[in-house]
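**Q** Sequence and predicted structure, then a few things I'm wondering about:
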2 protein chains.
Amino acid sequence: MVSKNQIKLITSLQHKKYRNEEQLFLAEGVKVIQELLLSNFVLEHLFVTEDIFPKVTTSQKTMIKEQDMKRISALSSPSSCLALFKIPKETNVENSGLIVALDDIRDPGNLGTIIRLCDWFGVKQLICSKETVDSYNPKVIQSTMGSIARVKVNYLDLEEYLSKSQLPVFGTFMDGKNVYKETLPTEGILVLGNEANGISAVLEKSIKNRIAIPRFGDLQQTESLNVATATAIFLSEFKRNS
Amino acid sequence: MVSKNQIKLITSLQHKKYRNEEQLFLAEGVKVIQELLLSNFVLEHLFVTEDIFPKVTTSQKTMIKEQDMKRISALSSPSSCLALFKIPKETNVENSGLIVALDDIRDPGNLGTIIRLCDWFGVKQLICSKETVDSYNPKVIQSTMGSIARVKVNYLDLEEYLSKSQLPVFGTFMDGKNVYKETLPTEGILVLGNEANGISAVLEKSIKNRIAIPRFGDLQQTESLNVATATAIFLSEFKRNS
């Protein structure tokens, strides 16, 4: 049974304002919840329509009906479980290894895919401009497939961060140097820009190394790669010789 | 003004059955329609809410109100234009260069992204198993961003095609050889599998070369890369030295 107040709380967590107030976020689906339970994230409460996650104590788990799951779920096809987790306190940026920095990524699916890619390629630190979509947005959590448990995400003033950084900074630009011909370091910051506008002018001056994925098609009409597929290729290039 | 019959026709084209009957497909948005108008695709009719595409003759263009656009659009935020194009006759597969083959890709966004990647990397021929989502699905057309105009897509019996092919066949498997260490040919077929199940057992026997993107994260929990981001990395590897 889900109370009216619980429904109100859970549906409010679709919005960043209420996630910040409550310091809670939503996760749905067996795979995502499983990964979060295995991580350092702290479970607040779990709602299930069938008897799964036996290790979660009964005080933290409520069995509910499918019709109630439909009322609290953000998915068009709700799964058998929905969980509330505490948002952890933001800790300091780890300035080592390869770091990915995002300048104003707006699409939750893109951010989720990029977090999943960071996890695959062993990137432990993701830095987001303050305008980037919230990593605790339910659609982001969903598309990370649980990788959010292993990639640290910090939101900060990207201009200030890059200007002070001691690491070499690489930015992706249409007119950048052919990434396949560059010698890439094992430590550095890879900056990716907004879906429509790329990297903002104000950040450009902090970026010494401009790189690009060359286009192979005969015609010059393909506008650009999607930012998540471009991230896949850049991360692959940084890591392929390591 | 849009007639009742036009609304009925246009909304029916969301479904493959009616696209096949009418031999028409839908395209929405300035960028996508622009690319299709520049290509060999034949325009059936264009609906616009403002005076754009001046080169399209008035007999092929109808100015409509925004409220009518909302009635015919498949998008939650309709754009200023919607077009019907004729589905071209399927022509023979071009058995040269690098060919991408998809075994049962179900998500329209993934197929659209893969078509866009093929275009970027100069892959002219995409082959789909008959179970793969229809390339004229409006969501596929949307996410190709117009690249569908430059990539030939054929649907066929993939098992039969691969078993008869003279080109070297590469398949992506979790236990495949490290793609970064393989010497990849300029001509060949790259096979990618279904989102949940990978390449089907029945195709495996036709695939001599098993390749994989190595995982760099410390933990072994990242299940797999999304098929579209994996395609990005594999195409990059096939093309980076060419």
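**A** Sure, I can see it. For clarity, every value in this text was computed on a predicted model and none was experimentally measured.
**Q** Who does the biggest strand by length in chain A pair with, and is each partner parallel or antiparallel?
**A** Using DSSP state E, we find that the single longest strand of chain A is strand A:169-178. Here strand A:169-178 is paired, per DSSP bridges, with strand A:188-192 (parallel), strand A:209-212 (parallel).
**Q** how about the ones you listed in a markdown table, adding mean neighbour count and mean pLDDT?
**A** C-beta coordinates here come from the backbone N, C-alpha and C atoms, glycine included. What follows is the strands paired with strand A:169-178, written out as a markdown table (neighbours: other CB atoms under 10 Å in any protein chain shown; pLDDT from 0 to 100):
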| stretch | mean neighbour count | mean pLDDT |
| --- | --- | --- |
| strand A:188-192 | 22 | 98 |
| strand A:209-212 | 19 | 97 |
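**Q** could you pull out the helices for chain A?
**A** Counting by DSSP state H, one finds helices in chain A at the ranges A:4-12, A:16-22, A:30-38, A:66-72, A:108-120, A:138-144, A:158-164, A:201-204, A:227-239.
**Q** model confidence over the longest strand of chain A, on average?
**A** Mean per-residue pLDDT for strand A:169-178: 95.
**Q** In contact with A:Ala52: list those residues for me.
**A** That one is not Ala; residue A:52 is Ile. A:30, A:80-81 (CB atoms under 8 Å, 6 or more residues apart in numbering or on different chains).
**Q** Mind giving me the PyMOL command for buried ones among those residues?
**A** Of those, the buried ones go into a single PyMOL selection, burial set by 16 or more other CB atoms under 10 Å in any protein chain shown:
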select buried, chain A and resi 80+81
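**Q** Run through chain A and note the low-pLDDT ranges.
**A** A:218-223 (pLDDT under 70).
**Q** Break it down into its structural domains.
**A** A:4-86, A:98-239 (automatic domain parsing).
**Q** Could I get those domains in TSV, plus columns for distance to B:Thr62?
**A** Output for the domains of chain A, formatted as TSV (distance: least, CB to CB, whole Å):
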stretch	distance to B:Thr62
domain A:4-86	33
domain A:98-239	27
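**Q** Single out the most deeply packed of those.
**A** Stretch with highest mean neighbour count among the domains of chain A: domain A:98-239 (a mean of 20; mean count of other CB atoms under 10 Å in any protein chain shown).
**Q** does chain B sit close to stretch A:87-94?
**A** No. Stretch A:87-94 is not in contact with chain B by CB under 8 Å from any CB of the partner chain; minimum separation 13.7 Å.
**Q** Name all residues that make contact with the closest residue to A:Leu156 other than its chain neighbours.
**A** Excluding its sequence neighbours, the residue lying closest to A:Leu156 (CB to CB, 6 or more residues apart in numbering or on different chains) is A:Ile127, at 6.5 Å. Contacts here follow CB under 8 Å, 6+ apart; on that basis A:Ile127 touches A:93, A:99-102, A:153-156, A:158, A:161, A:189.
**Q** Please identify the residues of chain A in proximity to chain B?
**A** A:31, A:35, A:38, A:113, A:116-117, A:119-122, A:145-147, A:150, A:180, A:213, A:215-219, A:221-223, A:225-226, A:228-233, A:236-237, A:239-242.
**Q** Nothing else from me, thank you.
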